[in-house]
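Novice: sequence first, predicted coordinates after that:
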Amino acid sequence: MLLALSCNEKEERSAAPAEQSGEQENQPALEPELAEAVAAASASAAAGPAPGTPGQEGPPPRGIFPPGGADAQIGVEAPPVITVGSTGSEPRTLLTGGFGTKADPVTARVEVMLQSGPGGLPVDFDLQFEESPLAAPAAAREGEAGDAEVTPRPRAAVRGRVVGAQVPQGLGQVPAPVKDAVAKLRGVEVAFDLWPNGAATGLRTEMKAGMPAELGDVVRALGDAIAAVTLPYPDEPLGVGGFWMVTSRDGLMGLDLVSYRLARVESIVDGAVTLRVSTKRYAASDDFSLPSLDGSYLLEELQSGGEGALRYRSGRSLPFRGRFQLSLSALVSPRGAPAGAAPGAQRGTLQFVSEARFSEP
């Protein structure tokens with residue numbers, strides 16, 4: 001059960017037969033608006049022609065940007081970019097987020113299920129977040145910058161802590177060693193920078209000494225889920241039917257990716273906003289390496305997407321209810337194959353599906 005949870009079955013995955021190109025069965029279908037928005041964003045990149053096959057507009061067909069293509073979309077350290085498609089119908093409201101303070105932290109329960117094959121074990125995480133304002137640079141504090149353009153920077157540092165981790169009740173017979181290993185995840189930390197519009201960048205997870213290393217992938221899946229649902233908001237009010245796209249440079253399971261998220265307002269009731277979020281991601285390069293894999297691999301094709309329905313309260317960046325699923329399918333081959341090996345002989349397909357369910361503790 002631990003092996004199914006931690007995705008450390010290296011030999012089985014590296015030997016998995018290659019699958020044909022195309023969407024996987026568990027790959028969420030993209031909304032038409034997202035597909036159109038991704039194509040439009042790719043075609044209008046400021047740094048020259050659209051990334052992808054030379055002479056072809058739109059996103060890269062195999063899910064991998066050519067050299068410089070990802071940077072043409074968004075820089076590695078650049079804040080996420082928001083493009084509003086529609087402000088929706090009246091009445092409209094200004095969406096806001098945040099992660100609270102030490103005295104009034106934002107709390108959430110997140111059930112994470114990570115699968116890389118048959119089976120999988122869900123883990124319930126109870127989290128507590130707080131944000132700390134970042135000090136302004138000395139030049140800005142002393143008024144030395146003058147009229148020079150101010151470089152955008154995050155507004156706060158956010159740190160979350162796992163205050164409880166357990167196997168969900170009612171799951172059936174779970175071996176005591178598995179329960180004990182999951183319980184040791186108490187104390188895991190999730191940290192990132194928060195921008196004025198609510199965008200999260202630089203997300204990182206930290207495991208303390210003595211925590212089970214074989215559960216590292218499920219911890220990374222938790223961090224990826226937090227990043228996916230922490231949305232930057234437009235600076236104008238939105239109503240039902242309103243939608244916007246977020247272009248960001250982030251990662252999934254540690255990979256360098258360009259992400260496009262389309263968020264649509266489905267309802268606003270008593271201050272609670274329900275959003276439908278769809279995601280499409282592309283690799284920034286053909287380098288493929290994961291903490292749970294040994295060696296260096298060439299990424300030949302990538303398909304990664306996500307979808308979910310989430311409910312938020314004003315001033316809180318984490319949903320208090322909802323689910324979000326992320327999937328990744330990668331066609332890879334080891335670099336430096338033995339001499340004489342047939343082309344594609346060691347090619348394999350790696351698949352991950354993670355689902356996060358959000359609720360109140």
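Specialist: It's in.
Novice: which strands and helices sit next to the strand ranked longest in the chain?
Specialist: Assignment by DSSP state E gives strand 297-313 as the longest strand of the chain. Secondary-structure packing of strand 297-313 (3 or more Cβ pairs under 8 Å, 6 or more residues apart in numbering; DSSP states H and E): helix 216-229, strand 272-283, strand 287-288, strand 321-334. In this view, the C-beta of every residue, glycine as well, is placed from N, C-alpha and C.
Novice: stretch 209-220 spans what distance, first to last residue?
Specialist: Across stretch 209-220, the terminal residues are separated by 16 Å (Cα to Cα, to the nearest Å).
Novice: mean pLDDT lowest for which of the helices and strands packed on strand 297-313?
Specialist: Among the helices and strands packed on strand 297-313, strand 287-288 has the lowest mean pLDDT, at a mean of 86.
Novice: picking that back up, quick one: which of the helices and strands packed on strand 297-313 is nearest Val163?
Specialist: Taking Cβ to Cβ, helix 216-229 is the member of those nearest to Val163, at 13.2 Å.
Novice: got the angle for the closest one vs strand 272-283?
Specialist: Between helix 216-229 and strand 272-283, the angle comes out at 120 degrees (axes from the mean of the first three to the mean of the last three Cα atoms, to 10 degrees).
Novice: can you tell me the closest non-neighbouring residue to Thr201?
Specialist: Distances taken as Cβ to Cβ, 6 or more residues apart in numbering place Asp193 nearest to Thr201, at 5.2 Å, with adjacent residues excluded.
Novice: and for that neighbour, the neighbour number?
Specialist: If you count neighbours by other Cβ atoms under 10 Å, Asp193 ends up with 18.
Novice: so it makes contact with Pro152?
Specialist: No. Using Cβ atoms under 8 Å, Asp193 is not in contact with Pro152, being 11.4 Å away.
Novice: bridged to Ala283, which residues?
Specialist: Beta-bridge pairing for Ala283 (DSSP bridges): Ile64, Leu257.
Novice: sorry, slip of the keys, the one I care about is Ala108.
Specialist: Beta-bridge partners for Ala108, by DSSP bridges, are Leu127.
Novice: dump the residue contacts of it.
Specialist: Shown in contact with Ala108 (Cβ atoms under 8 Å, 6 or more residues apart in numbering): Asp126, Leu127, Phe129, Leu318, Pro319, Phe320, Phe358, Ser359, Glu360, Pro361.
Novice: any idea how far Ala263 is from the fifth one?
Specialist: By that I understand Pro319. Distance, Pro319 to Ala263, using Cβ to Cβ, to the nearest Å: 12 Å.
Novice: more neighbours, these two?
Specialist: Neighbours per residue, other Cβ under 10 Å: of Pro319 and Ala263, the larger number sits with Pro319, 29 against 26.
Novice: re the thing from before, wait, which of the helices and strands packed on strand 297-313 is closest to Gly241?
Specialist: Comparing the helices and strands packed on strand 297-313 against Gly241 with Cβ to Cβ, the closest turns out to be strand 272-283 (11.0 Å).
Novice: that closest one: how far from the chain's middle?
Specialist: With Cα atoms, centre = their mean, to the nearest Å as the basis, strand 272-283 stands 10 Å off its chain's centre.
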